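Participant: sharing a sequence plus its predicted fold:
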Amino acid sequence: MKQILGFSLIEVLVALFLLSVALLGVAGLHLVSLAHNHSAYLESIASQQLVSMAERLRANQGQQLAQEMILWNADNQRLLPAGQGEVSYYEDQYLIVLSWQWRDQQTLAPACKGLSRQGLACMSLNVVISK
């Protein structure tokens with residue numbers, strides 16, 4: 001009897017199916033990676049903005065706070081989605097709070113005390129200015 005060499009059509013179809021499932025998994029993993037990378041990018045920008053405001057407060061010794069807040073919030077809105085910052089003064093230190101729109105409404109975002117609005121991420125920084 002003659003022996004047939006090669007692959008049957010069923011074997012090829014099963015191999016293609018397995019390869020396509022594996023490639024779909026890799027594509028899904030890539031999308032999740034991109035989303036987390038963007039979130040990390042926004043957190044990095046927020047951290048830089050917090051330090052920027054702290055430096056502005058130190059440079060002006062807490063004076064001209066209203067003008068610095070306007071300029072800082074203009075930068076926040078330009079750099080972060082729905083970026084908004086607040087500065088409060090309590091017991092010889094400033095509390096700088098920065099919030100921005102999180103990637104979606106269902107995912108838990110990093111939050112600050114007192115900020116309970118869903119879908120917003122938040123970072124805070126305490127700054128002591130010595131006189």
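Facilitator: Happy to help now that I have it. For clarity, every value in this text was computed on a predicted model and none was experimentally measured.
Participant: every contact and neighbour count from this point should use C-alpha atoms.
Facilitator: Will do.
Participant: three-state assignment of the most centrally placed residue in the chain?
Facilitator: With distances taken as Cα atoms, centre = their mean, Ser39 lies nearest the centre of the chain, 2.7 Å away. Under DSSP: H, G, I helix; E, B strand; the rest coil, the three-state class of Ser39 is helix.
Participant: next one: Leu125
Facilitator: Assigned state for Leu125: strand (three-state reduction, three-state DSSP).
Participant: got it, and Leu18?
Facilitator: helix.
Participant: do you know how far it is from Leu24?
Facilitator: Noted for Leu18: a distance of 10 Å to Leu24, by Cα to Cα, to the nearest Å.
Participant: does Ala82 touch Gln101 like I think?
Facilitator: Yes. In terms of Cα atoms under 8 Å, Ala82 counts as a neighbour of Gln101; the distance is 5.5 Å.
Participant: those two: which is more packed in?
Facilitator: Neighbours were counted for Ala82 and for Gln101 using other Cα atoms under 10 Å; Gln101 has more, 18 against 13.
Participant: burial check on Ile10, number of neighbours?
Facilitator: 9.
Participant: kindly report the same for Gly83.
Facilitator: The local packing of Gly83 (other Cα under 10 Å) involves 20 other residues.
Participant: let me see the backbone angles for it.
Facilitator: When read as degrees, to the nearest 10, the backbone of Gly83 gives phi -70, psi 130.
Participant: ok, it - contacts?
Facilitator: Contacts here follow Cα atoms under 8 Å, 6 or more residues apart in numbering; on that basis Gly83 touches 73, 76-77, 98-101.
Participant: just the closest of those residues to Gly6, please.
Facilitator: Gln101 (56.8 Å; Cα to Cα).
Participant: the closest one against Leu79, yeah?
Facilitator: No. Using Cα under 8 Å as the test, Gln101 is too far from Leu79 to be in contact (11.5 Å).
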